[in-house]
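Enquirer: What follows is a protein structure lacking sequence information:
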DNA sequence: AACGAAACCTGCGCGC
DNA sequence: TGCGCGCAGGTTTCGT
């Protein structure tokens, strides 16, 4: 599902629901989600959830001594239910909280991941160690330095989480449309001003999307019943065959590095 | 070093 | 109705 705005929506929702609760039981039905030894994973038992952070698309549960890192990938979702309700199909992990409720991890495609690290080391371990800055804190010069030395298409560069974190397929399309840059332009071909326009557009898009609770496309909900409203603000993504909101030219869909990509062939060049 | 394709999974919609 | 194919908001791994 999720790019930065959707993960932020999940984070805020969870923050209101499970903060300061203690994990009293864990049920793991599909262990491959867990990248840590399952025996180590049981260290979570008895620990309290003190804080829920987010970096890029990663959810970060701060516990007493450890940190649980969760990546929802394409379709990971959470549900909160009363305990003693059995896990259904596609529900792979259950965290019982305070002997009362269960936080359920639901993931049809089973792509999601969880890592457990000590609170001292998690920032320098695998998923977070190489993560790039988010658009809101990214420095223009730093982004230009990285982009201008790459001979790959700009869309692929913006999807590279080690360069800049939080953007995915939807928001990259929306960002490049607003910056009037074609997704197949090579990084090395972009001027400083163009990179600056891209960064400003990314900030604007993400800011607005966070305010609206993210984008709901297909089946994604932040949590059970929590829908985003940014899909009403999409200008190009999913708009194939429709007129460009700026110039009226028909929006086309193409493949860029294997990803479905929506572009106005007139505005973006 | 850097890039692209394949792999990880399942379900859905489409054309035949 | 059934089958096969392509597609899906992400990332890692493998081969070139």
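Expert: Yep, it's here. Note that the structure is a prediction, hence the values are computed from the model and not measured.
Enquirer: can you pull out the strands in the stretch 51-200 of chain A?
Expert: Along the stretch 51-200 of chain A, counting by DSSP state E, counting those that start in this stretch, strands occupy A:51-55, A:58-62, A:66-71, A:77-82, A:91-97, A:101-106, A:113-118.
Enquirer: Grab the longest helix from chain A for me.
Expert: Counting by DSSP state H, the longest helix found in chain A is helix A:192-211.
Enquirer: So which elements touch it?
Expert: helix A:4-18, helix A:140-147, helix A:154-159, helix A:169-178 (3 or more CB pairs under 8 Å, 6 or more residues apart in numbering; DSSP states H and E). All C-beta spots, glycine's among them, are computed from the backbone N, C-alpha and C.
Enquirer: Out of those, which one sits most buried?
Expert: helix A:169-178 (a mean of 25; mean count of other CB atoms under 10 Å).
Enquirer: is DNA strand B contacted by it?
Expert: No - when contact is scored as CB under 7 Å from any atom of the strand, no part of helix A:169-178 falls within range of DNA strand B; the minimum is 12.5 Å.
Enquirer: That helix vs DNA strand C: in contact?
Expert: Yes - using CB under 7 Å from any atom of the strand, helix A:169-178 reaches DNA strand C at A:169-170.
Enquirer: tell me how far that helix is from the chain's mean position?
Expert: Put simply, helix A:169-178 sits 14 Å off its chain's centre (CA atoms, centre = their mean, to the nearest Å).
Enquirer: now swap in stretch A:244-258 and tell me
Expert: Worked out by CA atoms, centre = their mean, stretch A:244-258 lies 23 Å from the chain centre.
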